[in-house]
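Engineer: Mind folding the following:
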Amino acid sequence: MQAPSLRRLDSIVEAVGNTPLVRLQKVAAHVPEIEIYAKLEFCNPGGSVKDRAALRMIQDALADGRLSRDKILIDSTSGNTGVAYSLFGAALGIKVHLVMPSNVSKARKDIAKAFGTEIIYSDPLEGSDGAIRDVRKIVEADPNRYFYPDQYSNPSNPLAHYLGTGKEILDAVGDRITHFVAGLGTTGTMMGTTRRLHEHVRPSGEKIRCIAVQPNEAMHGLEGLKHLASSLIPPIYDERVPDETMFVSTEDGWDMADVLAQKEGLHVGHSSGAHVHAAIRVAEELTKKQQKGCIVVIVCDRGDRYFAPMAWEKKYLW
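Structural biologist: Residues are numbered from 1 along each chain as shown. Predicted structure coming up:
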């Protein structure tokens with residue numbers, strides 16, 4: 001087996017991207033004609049898919065002058081983007097403030113603080129939308145003090161995935177890919193990656209079918225995902241981009257995360273469990289039609305960021 005080439009980096013920011021694809025063998029054993037590959041975004045230096053968008057937003061803003069080292073970067077986040085901002089802020093000498101719902105997992109709060117970030121807590125009952133409203137008020141009160149990237153509106157968010165994630169997937173599996181699955185949070189991963197994959201022309205002439213994942217109800221426990229019908233719609237979201245939307249329950253997302261750990265050795269977050277659950281459903285539908293396929297699914301982050309108790313536990317009933 002050929003050893004992977006080793007990279008020498010001048011800065012941690014250069015470690016973002018080029019994450020591996022791992023075939024899911026055991027959880028997909030009942031659909032052997034379908035290849036399912038998990039793109040392991042937790043291999044980014046900040047531990048999640050959000051590293052890509054955070055770094056792109058920072059670099060683009062530094063390049064065009066919207067961000068300078070005498071300004072404070074401030075944004076709302078449910079955790080992973082905040083960790084990424086904090087990591088790159090420390091590496092690039094930029095001060096970072098974050099607005100987070102107070103019920104975000106303790107691990108992500110502690111990680112962000114470890115990089116010197118200041119956290120401002122918003123109402124946990126208002127979720128990510130409450131954090132968005134709070135950060136806007138802070139910036140409006142003192143606009144010259146802050147750079148507000150606004151990950152939900154910033155075109156650099158999907159651009160990071162158009163230039164990075166989508167290209168990497170095509171480089172790895174090429175014309176074999178038939179389907180792509182990712183969740184909707186800020187929606188940047190789905191928007192940017194799908195636009196790149198839709199540009200790819202397969203020999204059969206069929207386009208790559210891209211499926212967005214949402215929680216199936218407003219009150220859910222899939223942290224990082226949005227139930228768009230009951231949420232503020234991110235301005236970067238375009239409902240025409242995904243080919244299909246699949247709705248997944250909290251229980252199915254949590255259960256699949258457990259199965260991935262126990263059968264594949266992949267300890268992932270619950271949103272990633274929801275993504276894989278949807279990918280398995282796609283594979284089952286293809287199998288019923290006696291079709292072959294190759295599905296790439298985004299695995300956003302590791303499960304160790306969810307060890308601390310949150311508002312939703314399996315034993316609780318809403």
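
Engineer: so Ile119 sits in a helix?
Structural biologist: No: using DSSP: H, G, I helix; E, B strand; the rest coil, the assignment for Ile119 is strand, not a helix.

Engineer: Residues in a beta bridge with it, which ones?
Structural biologist: With DSSP bridges applied, Ile119 shows beta-bridge pairing to Leu98.

Engineer: now swap in Val296 and tell me
Structural biologist: Tyr37, Phe180.

Engineer: Could you measure from it over to Thr19?
Structural biologist: Val296 sits 11 Å away from Thr19 when distances are taken as CB to CB, to the nearest Å. For the C-beta atoms, the positions are set from N, CA and C on the backbone; glycine is no exception.

Engineer: and for these two, which residues touch both?
Structural biologist: With contacts defined as CB atoms under 8 Å, 6 or more residues apart in numbering, the residues adjacent to both Val296 and Thr19 are Lys39.

Engineer: in this protein, which helix or strand is least confident?
Structural biologist: One helix or strand of the chain scores below all others by mean pLDDT, DSSP states H and E: helix 106-114, with a mean of 86.

Engineer: low-confidence ranges in the chain?
Structural biologist: Applying pLDDT under 70 to the chain flags residues 1-5, 308-318.

Engineer: domains of it?
Structural biologist: 12-48+155-306, 50-147 (automatic domain parsing).

Engineer: In TSV: the ones you listed, plus mean neighbour count.
Structural biologist: What follows is the domains of the chain, written out as TSV (neighbours: other CB atoms under 10 Å):
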stretch	mean neighbour count
domain 12-48+155-306	20
domain 50-147	20
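
Engineer: Mind putting these into TSV with distance to Leu6?
Structural biologist: Formatted as TSV, those follow (distance: least, CB to CB, whole Å):
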stretch	distance to Leu6
domain 12-48+155-306	12
domain 50-147	20
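
Engineer: now for the least confident helix or strand of the chain, which elements pack on it?
Structural biologist: helix 80-92, strand 95-101, strand 118-122 (3 or more CB pairs under 8 Å, 6 or more residues apart in numbering; DSSP states H and E).

Engineer: Quick one: distance of it to the chain centre.
Structural biologist: 18 Å (CA atoms, centre = their mean, to the nearest Å).

Engineer: who touches that helix?
Structural biologist: Defining contact as CB under 8 Å, 6+ apart, one finds that helix 106-114 is touched by 47, 79-80, 82-83, 85-86, 96, 98, 100, 119, 304-308.

Engineer: can you tell me which two in these are farthest apart?
Structural biologist: Greatest spatial distance among these (CB to CB): Val96 and Phe307, at 24.0 Å.

Engineer: between the least confident helix or strand of the chain and strand 95-101, how many degrees?
Structural biologist: Relative orientation of helix 106-114 versus strand 95-101 (axes from the mean of the first three to the mean of the last three CA atoms, to 10 degrees): 160 degrees.

Engineer: Ile120: what's it in contact with?
Structural biologist: By CB under 8 Å, 6+ apart, Ile120 lies in contact with 97-100, 134, 138.

Engineer: all strands for this structure, in order.
Structural biologist: Along the chain, the stretches classed as strands by DSSP state E are 21-23, 34-40, 72-76, 95-101, 118-122, 146-147, 179-183, 209-215, 244-248, 293-299.

Engineer: Now do the fourth one: which elements does it pack against?
Structural biologist: The helices and strands touching strand 95-101, judged by 3+ CB pairs under 8 Å, 6+ apart, are strand 72-76, helix 80-92, helix 106-114, strand 118-122, helix 127-141.

Engineer: Now with 7 Å, please.
Structural biologist: If you count contacts as 3 or more CB pairs under 7 Å, 6 or more residues apart in numbering; DSSP states H and E, strand 95-101 packs onto strand 72-76, helix 80-92, strand 118-122, helix 127-141.

Engineer: Could you say which one of the ones you listed comes nearest to Leu170?
Structural biologist: helix 80-92 (23.9 Å).
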